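*Asks:* Provided below are the primary sequence and the corresponding predicted coordinates.
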Amino acid sequence: MTDASVSTCFRSLTSLLLKPPATIEVLPGDASVWIPDVEERSRSPFLFMENNLGVPEKELRRSYLFAVPVFSAARKASGLHTLEDPSNHIMSSAIQDLIDSSAVLILMNPAHQTALNARKQLIVRNLIDMGEELKFTAALLSSRHCCKQGELWYHRQWLLRRIYPVPSFPQGLITDMIPDSPNFYLPPNDLSAEIHLVSRACELYPRNYFGWTHRTICIRSALVPGVHFTASDSTEIFQKEISSVMQWIESHISDYSAVHHLKTLARLTEDAESPLLPDRLHLVFGHALTLVRAFPEHETLWQYLRVFWDESDVATAFVTSFVLPLQSPRMTEQESESPSGVQHACRFLEWRNQRLK
């Protein structure tokens, strides 16, 4: 491709990225694989259908290589650090180049700290709209290529802190009410949108630690009293979230990040003033028992059981009827339908014995 055609490709991509689309997917190969028609491909090497953007990998790489020097030159020319009155600043070509090139750099490398920081500077100076940036990050996080990168989730949390700041409280009060406060609150509809975003990201990239951490932080935001949620609202949110994560674990039985999220929810509910939440957590224990019986070869489920283990008659019956026979010396690994389950049962019994001492 000539320099002119690469430049055209770059400008075409940036115009699509900054709409922004609802979803973005990086596609293997080049544009010829996805757009056989030469004339159509010459107009744009990208697929854009019903606000969903498909970016062939080779076209992205070409655009990225073009964007690198553009970004470097634009950073120097824009002089962001010298702007004293951003409100009167006229959008220059350097600023636009910085916005365009940083978008391409982040799509190619979602952990590109310099590009992310440049966009933060532009947001602080009101040169990028925060709402549009939130949509842009949502589009990026709809891609498997991007949703596994912690830096992009951190960038989104930074945006949420600016858009939904916690109201002023007496010094020290907010940390007393909300341990490890996320320093932002989310209205109900926005909380639902963040949970939906995380669910999609965790489907695209299994055991998505950064996605589940973001979900935990957003749920914490529901604990800010007197903003949007009452105590009963918080209880309802927790009940719905606990049920939702239980269903998730049923269909993603190796997702240890989901189990960790559920453990965090349990810790958060310990101080909640609702008699319903302990009952809900008791259901979680029964759920863990059921899943371990069904899939004893999955270590994640044994960890799930440990997290919510409750020494009771039900627990004793489970050990007697299932765990002890499973790890019995008379049952060799060849005889067992779940050799790894035998190992997990032995480790579980060791853990329980230590716990009972």
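*Replies:* Nice, I can see it. Computed from a prediction, not measured in an experiment: that's the story for all the values here. Residues are numbered from 1 along each chain as shown.

*Asks:* list the contacts for residue 105?
*Replies:* Listed by CB atoms under 8 Å, 6 or more residues apart in numbering, the contact set of residue 105 reads 64, 67, 68, 71, 112, 115. For the C-beta atoms, the positions are set from N, CA and C on the backbone; glycine is no exception.

*Asks:* which of those residues count as buried?
*Replies:* Neighbour counting by 16 or more other CB atoms under 10 Å classes 64, 67, 71, 112, 115 among the contacts of residue 105 as buried.

*Asks:* helix or strand right after the lowest-mean-pLDDT helix or strand in the chain?
*Replies:* With mean pLDDT, DSSP states H and E as the measure, the helix or strand of the chain carrying the lowest mean pLDDT is helix 173-177 (a mean of 44). Once the chain leaves helix 173-177, the next helix or strand it forms, by DSSP states H and E, is helix 188-204.

*Asks:* who does that following helix touch, helix- and strand-wise?
*Replies:* Applying 3 or more CB pairs under 8 Å, 6 or more residues apart in numbering; DSSP states H and E, one finds that helix 188-204 contacts helix 144-147, helix 209-220, helix 231-251.

*Asks:* What residues of the first one count as buried?
*Replies:* Which is helix 144-147. Buried-residue list, helix 144-147, by 16+ other CB under 10 Å: 145, 146, 147.

*Asks:* Can you name the next helix or strand after that helix?
*Replies:* Criterion used, DSSP H and E; the element after helix 144-147 is helix 150-163.

*Asks:* Identify each buried residue in that following helix, please.
*Replies:* 151, 152, 153, 154, 155, 156, 157, 158, 159, 160.

*Asks:* Looking at the residues you listed, which is nearest residue 58?
*Replies:* Distance ranking of those against residue 58, using CB to CB, places residue 152 first at 22.7 Å.

*Asks:* Which residue is the nearest non-sequential neighbour of that closest one?
*Replies:* Nearest residue to residue 152, sequence neighbours excluded (CB to CB, 6 or more residues apart in numbering): residue 110, at 4.4 Å.

*Asks:* for residue 219, same thing?
*Replies:* residue 241 (5.9 Å).

*Asks:* same thing with residue 47?
*Replies:* That would be residue 54: by CB to CB, 6+ apart, it lies 3.5 Å from residue 47.

*Asks:* Report whether the one you found is found in a strand, as I expect.
*Replies:* Yes. Counting by DSSP: H, G, I helix; E, B strand; the rest coil, residue 54 is part of a strand.

*Asks:* Bridge partners for it, pull those for me.
*Replies:* Taking DSSP bridges, one finds residue 25, residue 47 as the beta-bridge partners of residue 54.

*Asks:* any idea how far it is from residue 282?
*Replies:* For residue 54, the distance to residue 282 (CB to CB, to the nearest Å) stands at 47 Å.

*Asks:* and the two? which has more neighbours close in?
*Replies:* Using other CB atoms under 10 Å as the criterion, residue 54 and residue 282 rank with residue 54 on top: 18 against 14.

*Asks:* rewinding a little: output the buried residues of helix 144-147 as TSV; include the columns pLDDT.
*Replies:* Listed next are the buried residues of helix 144-147 as TSV, based on pLDDT from 0 to 100:
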residue	pLDDT
145	90
146	95
147	96
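
*Asks:* between the residues you listed, which is nearest residue 129?
*Replies:* residue 146 (20.5 Å).

*Asks:* quick one on the thing from earlier: I'd say the residue nearest to residue 47 and residue 35 touch.
*Replies:* No. In this structure residue 54 lies outside contact range of residue 35 using CB atoms under 8 Å: 9.6 Å.

*Asks:* tell me the SS of the closest residue to residue 309 other than its chain neighbours?
*Replies:* Nearest residue to residue 309, sequence neighbours excluded (CB to CB, 6+ apart): residue 315, at 6.7 Å. Secondary structure, three-state DSSP: residue 315 is helix.

*Asks:* Let me know whether residue 315 touches residue 305 as I believe.
*Replies:* No. Using CB under 8 Å, residue 315 is not in contact with residue 305; the gap is 9.4 Å.

*Asks:* More neighbours: which of these two?
*Replies:* Taking neighbours as other CB under 10 Å, residue 315 and residue 305 compare with residue 305 leading, 22 against 16.

*Asks:* Verify the contact between the more buried one and residue 287 for me.
*Replies:* No. The criterion here is CB under 8 Å, and residue 305 misses it with residue 287 at 9.6 Å.

*Asks:* Go over the secondary structure and confirm residue 77 is in a strand.
*Replies:* No. Judged by three-state DSSP, residue 77 forms no part of a strand; its state is helix.

*Asks:* one step back: count of neighbours near the residue nearest to residue 152?
*Replies:* Counted with other CB under 10 Å, residue 110 comes out at 23.

*Asks:* May I ask which helix or strand encompasses it?
*Replies:* Using DSSP H and E, no helix or strand contains residue 110.

*Asks:* check contacts around it.
*Replies:* Here residue 110 is in contact with 140, 145, 146, 149, 151, 152 (CB under 8 Å, 6+ apart).

*Asks:* With that, I have no additional questions.
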